[in-house]
Structure formats: C-alpha cells, structure tokens
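[1] Predicted structure and sequence below. I'll ask about it afterward.
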Amino acid sequence: MMPESQPLIALISATPAAIAPAEAAFARVFPAAVLWNILDDRLLIEATYRGGLDPELQIRMGRLIDHAAAGGADGVLLTCSMYAPVARESVTAGVTVLAPDEAAFERIGNLAPQRLLVVASLPDALQDSCDRLRAELGRRRIPTEVSGVLAAEAFAAASAGDTERLFEAVRGALGAGGETDPAPVFLAQYSLAPAAPVIAERLGRTVITGPDSAAEWLRDRLRLRNRA
C-alpha cells in the first residue's frame, strides 16, 4: 500500500473512454491519490453482446479486483456501471471496492429531487442505470421520478474526445426543454462526464456524474479509515 498521504486507487475500466474522465475527476477532487489504470476493453463489448452480465463475466471482473488488491491498492473503483453488482459482492480485506455509481446514487438520494433525468449512450446501460437507481431510491423511500433518455451519438463523441459534440448529443437527448427544464441530470456513464461542466453552464442544470461523486466518496472514506 502507498503512504497514507498518497493512497493507491485502482481504476478498473471496461472501455478506454472511461479512463480520462475518471482521472480528471480525481485530479479535481482527490489529487493526492495515485491512480492505477487496469483496462479490459472487451468487458463492455461482451456484456452488451450477451445482454448483460453473466457468471463468466462476473468472475472475470472479480479476478481484476483481486489483482488490484494483490498489487497493493487501497481502494478500487469500477468505472463501468454494468459491473456495479460485482463491486457490491466483492469482499477484499483492507481494500475499499466501490461500484461506479454508488456514490452518485447516494448524492441523488441526499438531493431527493422531484424529478431526475438519466442520460446514457447505450440502451443496456441506460436501462441498467435506471433500474438500479429506482431500486436504490425505493429502498430509501425517496419518491423521485426517474426518466431515462438515450444520447445515441454520445459514445462516439466521447471516444473521440470531442466535448462540444458530446454536449450537443446530450442536449439533443434532453430535447427542446433542455434549456428550461429544471430537473437535475445524471450522466450514467463515465465517458459522458466531460460534458457535465458545459451542461451546467449553458443549460443551468444540476449535473451529477459518477467519477466526481466517486472521487469525493473515496477521498472521505479513506481519510476516515486512516484516522480510525
């Protein structure tokens, strides 16, 4: 493990497009962290092809988590929302393992908005995020109305690193009311996070992302653990 002042955080990604947004969030929120990128760029493709997680893919992600723990990681963050169940089932002594949007869901629950728009670029990811968010809000008895919108052009824009095109894809998904609708927006994939500042500035919307929420959550959790 790294010194307490420089915790080692393993970022396990299923697509290269998630890496830069996660790194940028830690640079803003938790700059003391040393980041270790672990990439299996078939994880998202195969989960989409198979219609979601299956036991083989869960085992495969579990092995990557074990690899990070064996390498001395103080914390592990999965950056693909479709693999969130694996993080919740992982028990690794001395290592905090965080699902991609666990901290974002907590923030949404604390905000308890009347309505929330969930944006994703892939149908399976959108359905998965909406279902899990509704379940979490239901567990906490928070009556937020969750609506999903698909930004089909956003993944290509994110993969190309084109923030302006990414913003336009998200704005198009939000529809004509994007500039006037007061509902907060949750960007359900890490690859969409670079659009958050632009959406907040140009549309005046509250925007929640997984990377920023996770970086803040891990920073606070590891500080508390080190003080115990």
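    Good, I have the coordinates. Residues are numbered from 1 along each chain as shown.
[2] in the lowest-mean-pLDDT helix or strand in the chain, what counts as buried?
    One helix or strand of the chain scores below all others by mean pLDDT, DSSP states H and E: helix 84-89, with a mean of 83. For helix 84-89, the neighbour count (16 or more other C-beta atoms under 10 Å) marks 84-87 as buried. All C-beta spots, glycine's among them, are computed from the backbone N, C-alpha and C.
[3] Would you mind extracting the C-alpha trace of it into CSV?
    What follows is helix 84-89, C-alpha atoms only, in CSV (Å, rounded to 0.1, in the frame of the first residue of the first chain):
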residue,chain,number,x,y,z
ALA,A,84,-21.7,-2.5,-10.3
PRO,A,85,-23.1,-5.8,-8.9
VAL,A,86,-19.6,-7.3,-8.8
ALA,A,87,-18.3,-4.4,-6.7
ARG,A,88,-21.1,-4.8,-4.2
GLU,A,89,-20.4,-8.6,-3.9
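[4] Tell me which helix or strand comes right after it.
    Where DSSP states H and E defines the elements, the next helix or strand beyond helix 84-89 is strand 96-98.
[5] Output the next helix or strand after that following strand in PDB, but only the C-alpha positions, please.
    Moving toward the C-terminus from strand 96-98, the next helix or strand (DSSP H and E) is helix 102-111. Extracted in PDB, the C-alpha atoms of helix 102-111 (Å, rounded to 0.1, in the frame of the first residue of the first chain):
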ATOM      1  CA  GLU A 102     -22.700   4.000  -5.800                       C
ATOM      2  CA  ALA A 103     -21.600   7.400  -4.600                       C
ATOM      3  CA  ALA A 104     -23.600   9.200  -7.300                       C
ATOM      4  CA  PHE A 105     -26.800   7.300  -6.200                       C
ATOM      5  CA  GLU A 106     -26.100   8.400  -2.600                       C
ATOM      6  CA  ARG A 107     -25.800  12.000  -3.700                       C
ATOM      7  CA  ILE A 108     -29.000  11.800  -5.700                       C
ATOM      8  CA  GLY A 109     -30.700  10.300  -2.700                       C
ATOM      9  CA  ASN A 110     -29.500  13.200  -0.500                       C
ATOM     10  CA  LEU A 111     -30.700  15.700  -3.000                       C
END
